[in-house]
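K.L.:
Quick check, what structure comes out for this input:
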Amino acid sequence: MSLAPIVVFDLDGTLAETAPDIMRTLNVILTQEGLPALPYERARELVGAGARALIERGFKVSGRPLDTETLERLFQDFLTIYAQDVASSSHLFDGVLGAMDALTGEGYALAVCTNKPILHTRLILDHFGITDRFASVAGRDTFPFFKPDPRHLTLTIEAAKGDPKRAVMIGDSRTDIATARAAGIPSICVPFGYTDVPIETLEPDFIIQHFDELPAAVARALDPVAIAS
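P.N.:
Numbering: from 1, shown residues only. Predicted coordinates:
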């Protein structure tokens, strides 16, 4: 049985706009610690590097020092609070479902490879009713490795019974690009996710402005002539 070509998606800022619920959880933590809540407009500069980094950034904005022991306590609190309501204010990006339908119809397997803990990842995918669309779902704690270690991506592909020679990574950040590059896999990025610099400055193989463009971009990404040009 031949392996299927595969498209692997990041989650936060790629498949879904999850920042509202992430920021809400951060603000619960901050207000419990006597710090002011931060506006959603700060999300794209704060979200994207994981909960620990998010808490550290929130404290830095507020000007309060944060020791390692307190950070670990607040990190555990964050995970608990977030799991109680991961997606009530989140949404899939426009065109995601149609793009996945088109790719599946063309014979591609689909997978998720994210640095979000697997508990929260599955809760979000379940909330949107899309878990069953993916041949494998890997979070930060699924394997001993996580992005940008390329083994996070290659093991996700292996778990999905995908063909690593016909695989594409879809993401929104330098971490996704670096992971794909280290794995020898082309990357396609969206410009509306969680990145601290414009995505084009990070030089992914392709950039799409809308998910309607994804099936054609995947075909191009797997065309050696297109990659070389």
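K.L.:
Which neighbouring elements make contact with the longest helix seen in the chain?
P.N.:
Assignment by DSSP state H gives helix 68-84 as the longest helix of the chain. In terms of contacts (3 or more CB pairs under 8 Å, 6 or more residues apart in numbering; DSSP states H and E), helix 68-84 is packed against helix 19-32, helix 51-62, helix 118-127. Backbone N, C-alpha and C define where each C-beta goes, glycine included.
K.L.:
Make a markdown table from these and add mean pLDDT and mean neighbour count to it.
P.N.:
Listed next are those as a markdown table, based on pLDDT from 0 to 100; neighbours: other CB atoms under 10 Å:
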| stretch | mean pLDDT | mean neighbour count |
| --- | --- | --- |
| helix 19-32 | 92 | 19 |
| helix 51-62 | 86 | 18 |
| helix 118-127 | 97 | 19 |
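K.L.:
which residues touch stretch 16-34?
P.N.:
The contact list for stretch 16-34 (CB atoms under 8 Å, 6 or more residues apart in numbering) reads 11-13, 36-38, 40, 42-44, 46-47, 54-55, 58-59, 62, 64, 74, 77-78, 81-82, 85-93, 96, 124, 128, 194.
K.L.:
scratch that, stretch 166-176
P.N.:
Stretch 166-176 is contacted from outside by 3, 5-10, 12-14, 48, 113, 115, 147-148, 153, 157, 177, 179-180, 183, 185-195, 197, 199, 202, 204, 214, 218, 221-222, using CB under 8 Å, 6+ apart.
K.L.:
In ChimeraX, how would I select just the buried ones from those?
P.N.:
To isolate the buried members of these in ChimeraX, using 16 or more other CB atoms under 10 Å:
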select :3,5,6,7,8,9,10,12,13,14,48,113,115,147,148,153,157,177,179,180,183,185,186,187,188,189,190,192,193,194,195,199,202,204,214,218,221,222
